[in-house]
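Okay, structure incoming, though there's no sequence with it:
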């Protein structure tokens, strides 16, 4: 009886403490931020790959493939060698009033890779007597609500980033990349999707040896290898404010296509050294404008379709690539002779 009485008194004292003042856990930890953690799966009909033959712009666009190749590979069914570019599209997260995007991370699962026809070896591009390990490139782009072969040349490229390299890529593993600023830009621009493309720098070396990376690209929530964007919303102070457009390095060309001279405009987010080069579709640098110290703002360069030796290049697709410290951006140019 005495033991029951003592226990009752102790229980009453504990309850009185709870209602008399602040919650002891809150008092100890402070007022925690409220967070929402969720994930997005790819939109099947807007995700897949575009592949093309050498000397042809495009062959086809495939969506809802399940697995996507980037790099070059040989189709035994068609008896043709292709270069392949991967595409992923996600709907943008819905952000409730009072919340802000804190972080968003893309995760893609690398199923396998091949280099010089060797399974699970890193891709190798051979250019004459030179062999290079091409970087995996992620581009933040916008191709809207349809996906077809014309998207091989995106109308808008907002940023170009290194996704993986020789010393970071492993088969049967997850690749993670911070997309926070990309999604912030898409939200502030009132887009319906956040969209990306993936390729090996240089696309292909066309040497009849397969060099590619395969990743999961379906949207099944039950698939272990489905790509996804995991994001965190918070009602506290966010690292990125969706109402404020982020300043990025951009490069654009006009006219495009061109037959005489194209003006290449580099929008520099901050002062620094900027390096502008022109590459052909094989990834070979054919014209260098050199490194130059630039202030922030717009800077215009003119390309007359000639390489560094002064020779006129052949008609086709070229890439204007500008680099500055942590920034990198590119734009495609179609030269018509």
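Happy to help now that I have it. Since this is a predicted model, take the numbers as computed values, not measurements.

Quick check, pLDDT for residue 181.
Residue 181 is assigned a predicted lDDT (pLDDT) of 92.

likewise residue 123?
95.

what's the distance between it and residue 336?
31 Å (Cβ to Cβ, to the nearest Å). For the C-beta atoms, the positions are set from N, CA and C on the backbone; glycine is no exception.

and what of residue 193?
Counting by Cβ to Cβ, the gap from residue 193 to residue 336 is 31 Å.

what's the answer for residue 300, then?
Counting by Cβ to Cβ - residue 300 and residue 336 are separated by 21 Å.

all helices of the stretch 101-250 of the chain, in order?
180-188 (DSSP state H, counting those that start in this stretch).

what's the burial count for the residue nearest to residue 191 when sequence neighbours are not counted?
Leaving aside its sequence neighbours, residue 191 sits nearest to residue 142 (Cβ to Cβ, 6 or more residues apart in numbering; 6.2 Å). Residues within reach of residue 142, counting by other Cβ atoms under 10 Å, total 20.

hang on, isn't residue 142 packed against residue 154?
Yes - assessed by Cβ atoms under 8 Å, residue 142 is found in contact with residue 154 at 7.3 Å.

of residue 193 and residue 336, who's got more company?
residue 193 (17 against 10).

which residues does the more buried one contact?
43, 46, 89-92, 142, 144-145, 186 (Cβ atoms under 8 Å, 6 or more residues apart in numbering).

Which among those count as buried?
43, 46, 89-90, 92, 142, 186 (16 or more other Cβ atoms under 10 Å).

Those residues in helices, which ones?
Of the positions in these, residue 186 sit in helices, assigned by DSSP state H.

Can you flag which of the buried ones among the contacts of residue 193 belong to strands?
Cross-referencing those against strands under DSSP state E gives 89-90.

State the distance from residue 226 to residue 218.
6 Å.

Overlap in contacts, the two.
Joint contacts of residue 226 and residue 218 (Cβ under 8 Å, 6+ apart) are residue 42.

buried sites along whichever strand or helix holds residue 274?
For residue 274, the host element (DSSP states H and E) is strand 272-280. Buried residues in strand 272-280, defined by neighbour count with 16+ other Cβ under 10 Å: 272, 274, 276-280.

ok, residue 88 touching residue 217?
Yes - taking contacts as Cβ under 8 Å, residue 88 lies within contact range of residue 217: 6.6 Å.

Thank you, goodbye.
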